[in-house]
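Chemist: pasted the sequence and its predicted model underneath.
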Number of protein chains: 4
Amino acid sequence: MNKITLDAARIIVREALDHGVKARMKPLSVAVVDAGGHLIAFERSDGAPVGRFELAFGKAHGSVMLGIGGTAQRDRAEAQAYFIAAANAAYSGKLVPVPGGFVVRNAAGDVVGGVGVTGDTSENDMAAGEAGIVAAGLVAEG
Amino acid sequence: MNKITLDAARIIVREALDHGVKARMKPLSVAVVDAGGHLIAFERSDGAPVGRFELAFGKAHGSVMLGIGGTAQRDRAEAQAYFIAAANAAYSGKLVPVPGGFVVRNAAGDVVGGVGVTGDTSENDMAAGEAGIVAAGLVAEG
Amino acid sequence: MNKITLDAARIIVREALDHGVKARMKPLSVAVVDAGGHLIAFERSDGAPVGRFELAFGKAHGSVMLGIGGTAQRDRAEAQAYFIAAANAAYSGKLVPVPGGFVVRNAAGDVVGGVGVTGDTSENDMAAGEAGIVAAGLVAEG
Amino acid sequence: MNKITLDAARIIVREALDHGVKARMKPLSVAVVDAGGHLIAFERSDGAPVGRFELAFGKAHGSVMLGIGGTAQRDRAEAQAYFIAAANAAYSGKLVPVPGGFVVRNAAGDVVGGVGVTGDTSENDMAAGEAGIVAAGLVAEG
């Protein structure tokens, strides 16, 4: 699979949301973007705050644009905050540098897109995102 | 129903996309927003250009912000282009004034959100959106 | 009075809204800005679309920034659309060039602020705004 | 009450401002937004700096978008500054993460809007906002 189809994006979104429900997490929101950082699919769970799209999309988009997942972005932000602040401005605010953002690769290791999950703790957001990406037969770099 | 639940949003998106497939339209994209113009769900069909989110969201968001659907926005734009241009700027570009944008009301007539469909002709975008909104038991103001 | 006090702004807002109710207009929204275009007061009537602040404020702010009311802005837009489009961009979208925007002057003729009314026809928006401004003992340039 | 009416918003604004006057605070400004973060009402006291709207609105809007009040936002900013900086950019600067920002709930616990108060110390801004929200029969999450 050299790109994330809509069918694959639906699997990612649904599995991530289902993972959150089963694990009794707070209401999650999930964004899936293509290899250019453009939105393919998004869903916000009932009960989540209204501003979730911007955060989920920012995690997914920023991961693709920088080529590193949310955990690595957080580490960079803690070591060198001004770099992440500058990247954020360069990407017009479409970057949210915390866990829950993923670069998504296919089996060959090519970047095929990104995923952003938001709503619970960083660890839980990550677990839900990984569940979705793996269910779609793809590789998560969180 | 005083708000669009995620289940309802999924029905709107799926029925609109299915309508497009059955009617042999070009690949459609559909955005559903709440009564504040915030994204609940979005899907972009395989084969659609990468910039579809901004157009579908702009149709949905602009309809909610102005309180009128895409057809009325188009008529206003043709009569008074500078007003729609100014509204577009006031809403930071999140307004796409053509058919395919809908204000969505419940049976009581309250605005519960907006929908934006893009990908084919204005008439076809409208037909697909109406199919989705009606399938969710809601009222489309296109 | 060399500036619009909060008491004066309240009179403008209330009288304009009351005028709309008595004349059976659609639900109005009213913004009052100072001589620098900065917001002093705003109210949105129940039942108005959610995006009314941007339009009312744009009318008030644009009137102060350009030094001419909404009617003169509309005339300029119809004669020379690209100038108003450029001004709109220069003011970051905070300009809505239609009647309902007012430059507000004191008895001495000094600019003390601006008012923007939106919600009904241009003529009705203007009538409501004038009612408010006159009630505050100020002069409306619409 | 499943939404903040204009009458309720007026009570919030007036009670918060009156609280400030009685407690001899500096001139306050108060913004009230709906559950989508859109402005319902705003007033700036005489003597306050001209840039108060952006701060009061940012407190109210950011609280609704993130679903947490200003105190929780401040705590998050102090623990993880880059996250709040990223959220700020994602919301186009409409987020001011300090006390004085409130999520507003009805008796059933539903989010019905947000309030932002600015002008004095964080503690005083909070006290004034709570006075206004409680006077309107609503619940303040500061």
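Modeler: Yes, it's here. Numbering: from 1, shown residues only, chains lettered A, B, ... in the order given.
Chemist: where do the helices sit along chain A?
Modeler: A:6-22, A:52-66, A:70-79, A:81-90, A:122-135 (DSSP state H).
Chemist: winner for burial among those?
Modeler: Of the helices of chain A, the one with the most neighbours on average (mean count of other C-beta atoms under 10 Å in any protein chain shown) is helix A:52-66, at a mean of 28. (Each C-beta comes from the backbone N, C-alpha and C, glycine too.)
Chemist: against which helices or strands is it packed?
Modeler: Judged by 3 or more C-beta pairs under 8 Å, 6 or more residues apart in numbering or on different chains; DSSP states H and E, helix A:52-66 is in contact with strand A:29-34, strand A:39-44, helix A:70-79, helix A:81-90, strand A:101-105, strand A:111-118, helix D:81-90.
Chemist: picking up where we left off before, how about the helices of chain A in TSV, adding distance to B:Gly132?
Modeler: Putting those into TSV (distance: least, C-beta to C-beta, whole Å) gives the following:
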stretch	distance to B:Gly132
helix A:6-22	16
helix A:52-66	19
helix A:70-79	33
helix A:81-90	35
helix A:122-135	24
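Chemist: CSV for those, including mean pLDDT and distance to D:Asp18?
Modeler: Shown next, in CSV, are the helices of chain A (pLDDT from 0 to 100; distance: least, C-beta to C-beta, whole Å):
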stretch, mean pLDDT, distance to D:Asp18
helix A:6-22, 98, 44
helix A:52-66, 98, 35
helix A:70-79, 97, 43
helix A:81-90, 95, 40
helix A:122-135, 97, 42
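Chemist: export the helices and strands packed on helix A:52-66 to JSON lines and append columns for distance to A:Gly142.
Modeler: Output for the helices and strands packed on helix A:52-66, formatted as JSON lines (distance: least, C-beta to C-beta, whole Å):
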{"stretch": "strand A:29-34", "distance to A:Gly142": "14"}
{"stretch": "strand A:39-44", "distance to A:Gly142": "19"}
{"stretch": "helix A:70-79", "distance to A:Gly142": "5"}
{"stretch": "helix A:81-90", "distance to A:Gly142": "17"}
{"stretch": "strand A:101-105", "distance to A:Gly142": "5"}
{"stretch": "strand A:111-118", "distance to A:Gly142": "9"}
{"stretch": "helix D:81-90", "distance to A:Gly142": "16"}
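Chemist: chain B: which of the ones you listed is closest?
Modeler: strand A:39-44 (4.0 Å; C-beta to the nearest C-beta).
Chemist: and the closest one with strand A:29-34, angle?
Modeler: Orientation check (axes from the mean of the first three to the mean of the last three C-alpha atoms, to 10 degrees): strand A:39-44 against strand A:29-34 gives 180 degrees.
Chemist: and strand A:39-44, what does it pack against?
Modeler: helix A:6-22, strand A:29-34, helix A:52-66, helix B:6-22, strand B:39-44.
Chemist: please redo it, this time with the cut-off set to 6 Å
Modeler: helix A:6-22, strand A:29-34, strand B:39-44 (3 or more C-beta pairs under 6 Å, 6 or more residues apart in numbering or on different chains; DSSP states H and E).
Chemist: from the contact counts, what lies against the first one?
Modeler: For helix A:6-22, the packing partners by 3+ C-beta pairs under 6 Å, 6+ apart come out as strand A:29-34, strand A:39-44, helix A:122-135.
Chemist: so what's A:Ala77 up against?
Modeler: A:Ile84, A:Pro97, D:Tyr82 (C-beta atoms under 6 Å, 6 or more residues apart in numbering or on different chains).
Chemist: in a markdown table, list these along with distance to chain C.
Modeler: Listed next are the contacts of A:Ala77 as a markdown table, based on distance: C-beta to the nearest C-beta, whole Å:
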| residue | distance to chain C |
| --- | --- |
| A:Ile84 | 26 |
| A:Pro97 | 27 |
| D:Tyr82 | 26 |
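Chemist: looking at chain A, which residue is nearest chain C?
Modeler: A:Val50 (11.6 Å).
Chemist: just give the nearest non-adjacent residue to that residue, would you?
Modeler: The shortest distance from A:Val50 to any non-neighbouring residue, by C-beta to C-beta, 6 or more residues apart in numbering or on different chains, is to B:His38 (4.2 Å).
Chemist: what lies in contact with stretch A:3-11?
Modeler: Stretch A:3-11 has contacts (C-beta under 6 Å, 6+ apart) with A:Val32, A:Ile40, A:Ala41, A:Val112, A:Gly113, A:Ala135, A:Ala136, B:Ser45, B:Asp46.
Chemist: same thing with stretch A:124-133?
Modeler: Here stretch A:124-133 has contacts from A:12, A:15-16, A:19-20, A:25, A:28, A:99-100, A:102, A:104, A:115, A:117-118, A:140, A:142, using C-beta under 6 Å, 6+ apart.
Chemist: can you give me every residue that contacts the residue most central in space within chain A?
Modeler: Geometric centre of chain A, nearest residue: A:Gly116, 1.7 Å, by C-alpha atoms, centre = their mean. Neighbouring residues of A:Gly116 by C-beta under 6 Å, 6+ apart: A:Ala31, A:Ala56, A:Lys59, A:Ala60, A:Gly101.
Chemist: what's the distance between the closest residue in space to it that isn't next to it in sequence and A:Tyr91?
Modeler: Ranked by C-beta to C-beta, 6+ apart and with sequence neighbours excluded, the top spatial neighbour of A:Gly116 is A:Lys59, at 3.0 Å. In this view, A:Lys59 and A:Tyr91 are 12 Å apart by C-beta to C-beta, to the nearest Å.
Chemist: check A:Ala128 too.
Modeler: On the measure of C-beta to C-beta, A:Ala128 and A:Tyr91 end up 24 Å apart.
Chemist: just A:Met1 next, same as before
Modeler: Distance from A:Met1 to A:Tyr91, counting by C-beta to C-beta: 26 Å.
Chemist: re earlier: counting neighbours, which of the contacts of stretch A:3-11 comes out on top?
Modeler: Among these, A:Val32 has the most neighbours (other C-beta atoms under 10 Å in any protein chain shown), with 34 neighbours.
Chemist: and the pLDDT at that one?
Modeler: Model confidence at A:Val32, given as pLDDT, is 98.
Chemist: isn't it up against A:Ala41?
Modeler: Yes. The pair A:Val32 / A:Ala41 is scored as a contact, 4.8 Å apart, by C-beta atoms under 6 Å.
Chemist: for the residue nearest to A:Val50, grab the count of nearby residues.
Modeler: 23.
Chemist: so it touches A:Pro49, yeah?
Modeler: No. Counting by C-beta under 6 Å, A:Pro49 is not a contact partner of B:His38; they are 9.1 Å apart.
Chemist: got the contact list for the nearest residue to A:Gly47 once chain neighbours are set aside?
Modeler: Among residues not flanking A:Gly47 along the chain, A:Pro27 sits closest, at 4.2 Å (C-beta to C-beta, 6+ apart). Counting by C-beta under 6 Å, 6+ apart, A:Pro27 touches A:Ser45, A:Gly47, A:Ala48, A:Gly119.
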